[in-house]
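Peer 1: how does the following fold in three dimensions:
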Amino acid sequence: MKALYFDCSMGAAGDMLTAALLELYPEKEKFFAEMNRVFDGKAVVSAAADTKCGVIGTHITVTIDGDEESEGAQYHDYHGHTDIGETMRFIESVPLPEKVRHDAAEVYKIIAEAESSVHGCTVENVHFHEVGSIDAMADVLNVCMLMHLLAPEKVYASSINVGGGTVKCAHGVLPVPAPATEFILRGIPTYSGEIKSELCTPTGAALLRYFVDEFGDAPVMTVSMAGYGTGKKDFEVLNAVRVLLGETERQHDEVLELSCNIDDMTAEECLAAYDKHANEAVELMLRKNHDYGEAWRQMRISSYTDLILMKVMRTKQIEDLGGDTLVSEGIDANYMDMMNYAVFGLIKLTFGEDKVEE
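Peer 2: Model prediction:
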């Protein structure tokens, strides 16, 4: 099956992930034309060849009003801040495929939950600083778009080198990994080496958590291409994210049988429990519609199938972690999302896709 493997021995940041994936995509000029149209002049994304330790790769630059991200802060830049609602509305408005907008929103939900925990406030009151800047949003949308275009069936990544020392950001000088990064990476294998610099950013951490299926050693893989996305700083070792594109052996399908007997509940109790959870699913849908708007109307039925499959995989990952949700929603919320996606799909099937979009 088509697979990607991210080598994160020098951490990960949004621009480095973008650059590495871009090296695997053949229509680079078309990609830049589409992504720069998305930002309507507010940001300009460009790429240039860059050599680190004798290896040529790609470096991504995002300029805001002609100003490149701040020198001296490899990943933490200061182009203003936004709240979660403003960020979600911007993502919702961009002229990109539904799947890309959904993925970008999910990545920012991971970041928002981490910031909420670190700062002791509700998700709705989270204010993004570095990760809410236009250039950070460009990184997230770029990676989500490239993952959509490359369409891997399986995504692997190595353990993540987070770096060491301290980093200066909007809240002051913080230890590496920054608190939000540490929170996002809980449950994922990480380590620190000799380099005293921030190697993995909150944006990079969230993108990896969202897209990667398995962390650890590289799988048995027939590699066809490799991409190198370089960072700004120079070290004694190659400062780049490397991503390998290739084929892995397709695993045999696994058939699971789920059965249960509820012999200690009456029919009336079962119906009452059903109604309770159905009402909770409706309340969850209304809350999410309030946060993200009526985006469901613009989605195709096939998109709901993809979303349900993603929720199934996410639920299985949470179960494998013993129910520890880390930064994602719990199993119950994922089941309710599946219910709501199924209902939206049924509405589209009943009334027709075009009529529902009106």
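
Peer 1: for the rest of this, base every contact and every neighbour count on C-alpha atoms.
Peer 2: OK.

Peer 1: for K154, give me its contacts.
Peer 2: M1, K2, A3, L4, V212, D213 (Cα atoms under 8 Å, 6 or more residues apart in numbering).

Peer 1: swap in 10 Å and give it another go.
Peer 2: M1, K2, A3, L4, Y5, F211, V212, D213, E214, E247, T248, R250 (Cα atoms under 10 Å, 6 or more residues apart in numbering).

Peer 1: okay, these in CSV with secondary structure next?
Peer 2: Formatted as CSV, the contacts of K154 follow (DSSP: H, G, I helix; E, B strand; the rest coil):
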residue, secondary structure
M1, coil
K2, strand
A3, strand
L4, strand
Y5, strand
F211, helix
V212, coil
D213, coil
E214, strand
E247, strand
T248, coil
R250, coil
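
Peer 1: so which of those wins on neighbours?
Peer 2: L4 (29 neighbours; other Cα atoms under 10 Å).

Peer 1: that residue contacts L150, doesn't it?
Peer 2: Yes - counting by Cα atoms under 10 Å, L4 touches L150, with 9.3 Å between them.

Peer 1: what's the overlap in contacts for those two?
Peer 2: With Cα under 10 Å, 6+ apart, L4 and L150 have common neighbours L21, L245.

Peer 1: thinking again about what came up before, output the contacts of K154 in TSV; the columns should cover distance to T305.
Peer 2: Putting the contacts of K154 into TSV (distance: Cα to Cα, whole Å) gives the following:
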residue	distance to T305
M1	20
K2	20
A3	21
L4	23
Y5	26
F211	18
V212	20
D213	19
E214	22
E247	25
T248	25
R250	22
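
Peer 1: which among those gets closest to V241?
Peer 2: Y5 (10.4 Å; Cα to Cα).

Peer 1: tell me the bridge partners for the closest one.
Peer 2: Y156, L244 (DSSP bridges).

Peer 1: residues in contact with it?
Peer 2: Contacts of Y5 (Cα under 10 Å, 6+ apart): 154-158, 212, 214-219, 221, 223, 226, 242-246.

Peer 1: swap in 7 Å and give it another go.
Peer 2: For Y5, the contact set (Cα atoms under 7 Å, 6 or more residues apart in numbering) comprises V155, Y156, A157, A218, V243, L244, L245.

Peer 1: next: V155.
Peer 2: A3, L4, Y5, F211, V212, D213, E214.
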